[in-house]
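1. using only what follows, build the 3D model:
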Amino acid sequence: HTTRQLAGVLSCQKHFQAKNSDILLVTNPKSGTTWLKAITFSLLNRSRYPDFAHQHPLLTNNPHVLVPFLELDLYIHKNQIPNLSSFAFPRLFSTHLPYISLPKSVKLSTCKVVYLCRNPKDTFVSLWHFTNRLRSISKSSNPIEESFRNFCRGVSLYGPFWDHVLGYWKESLERSERVLFLKFEEMKENPILEIRRLAEFIGCPFSPEEEENGVVEDIIRLCSFETLSNLEVNKNGKISSGEENKAFFRRGEVGDWMNYLTAEMAQELDSITQQKLNGCGLMF
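-> Reported below is the predicted structural model:
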């Protein structure tokens, strides 16, 4: 699995040609990726699919199908360059790549990058559950202590959590017109405000009429964990990279780490986070 992902990373770095109108959604794994994809897809396509309750693509498609990963979906076959001509403009893609590893064409273009981060404690717990779900039945689950040690040491598929977050945080400060930095916790706390910010950033702000008609609330309802996780499409089947659709929906809550981490573990992770992010203006 990891070898295939690496091949996809190298292939998209080499072959992906960004366009100035592209929108790229970026996350550390298990930071709210599925939710961000659903929301952004709904925002961009709301005039095309105004019926949020009956005829919307999200009701019959997993968000990862509607917004494909560059390195995990489109460029997964290293010698095959995908044909992206069928993508509607603005093209919407996603990636878990750290800023330093993004294809050169992305950095040279004026495409928009939306980065969503999540508290490292919740990110870790969600990641631990997810990797255990993906392990074959023959293998026993990974002990949380062992996974925790690795996470704290920065052993992760896309590099250390803190480096990943900092890369995009710094870019968002230097180039705020190009990189929008969102927090999972703030989106949960004030979804209307954060979704307005996102809509404005990607160039499709809500009109007064839409606001009055409750379109913002409709999108929040459609993309909610409750709605998406209860759809038939997300209970069955798999995405192209082999993961079961239901693996992407566990709890989607803030603070679930309290059910899994000891006080010592939480303190250690907080201490590392404070040390790594010291002086940069970003806090969790």
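2. give me the buried positions along the host helix or strand of Thr273.
-> Using DSSP states H and E, the element containing Thr273 is helix 263-277. Buried residues in helix 263-277, counted by 16 or more other Cβ atoms under 10 Å: 265, 269, 272-273, 276-277. C-beta: built from backbone N, CA, C; applies to glycine.
3. how near is the residue nearest the centre of the chain to Phe87?
-> Per Cα atoms, centre = their mean, the C-alpha nearest to the average position across the chain is that of Thr33, at 2.4 Å. Distance, Thr33 to Phe87, using Cβ to Cβ, to the nearest Å: 19 Å.
4. try Leu157
-> From Leu157 to Phe87 the distance is 26 Å (Cβ to Cβ).
5. all the strands of the stretch 151-284 of the chain, in order from the start?
-> 179-183 (DSSP state E, counting those that start in this stretch).
6. and what of the stretch 1-150 of the chain?
-> So, for the stretch 1-150 of the chain - with DSSP E, counting those that start in this stretch - the strands run 23-27, 92-95, 112-117.
7. okay, the angle between the first one and strand 112-117?
-> In this case it means strand 23-27. Orientation check (axes from the mean of the first three to the mean of the last three Cα atoms, to 10 degrees): strand 23-27 against strand 112-117 gives 20 degrees.
8. list the contacts of strand 23-27.
-> For strand 23-27, the surrounding residues in contact (Cβ atoms under 8 Å, 6 or more residues apart in numbering) are 18, 33, 36-37, 40, 44, 67, 90-97, 106, 111-117, 168, 202.
9. let me know how buried Gly167 is, in neighbour terms.
-> 20 (other Cβ atoms under 10 Å).
10. quick one, what contacts the nearest residue to it once chain neighbours are set aside?
-> Nearest-residue entry for Gly167: Tyr99, 3.5 Å, with adjacent residues in sequence omitted and distances by Cβ to Cβ, 6 or more residues apart in numbering. Listed by Cβ under 8 Å, 6+ apart, the contact partners of Tyr99 are 167-168, 171.
11. now the residues you listed in TSV, with pLDDT?
-> Formatted as TSV, the contacts of Tyr99 follow (pLDDT from 0 to 100):
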residue	pLDDT
Gly167	98
Tyr168	98
Glu171	98
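12. lowest-confidence helix or strand of the protein?
-> helix 232-235 (a mean of 66; mean pLDDT, DSSP states H and E).
13. which parts of stretch 203-210 are buried?
-> 204, 206, 210.
14. got the contact list for the first one?
-> Which is Cys204. Contacts of Cys204 by Cβ under 8 Å, 6+ apart are 43-44, 46.
15. again, only using 6 Å
-> Counting by Cβ atoms under 6 Å, 6 or more residues apart in numbering, Cys204 makes contact with Leu43.
16. show the pLDDT at it.
-> pLDDT recorded at Cys204 is 98.
17. and it, how close does it get to Leu198?
-> 9 Å.
18. repeat that for the last one.
-> Glu210 is 14 Å from Leu198, where distance means Cβ to Cβ.
19. excluding its backbone neighbours, what's nearest Ile76?
-> Per Cβ to Cβ, 6+ apart, closest to Ile76 is Gly8, 4.4 Å.
20. which residues touch the one you found?
-> Gly8 neighbours (Cβ under 6 Å, 6+ apart): 71-72, 75-76.
21. also Leu282?
-> Residues counted as contacts of Leu282 (Cβ under 6 Å, 6+ apart) are Trp169.
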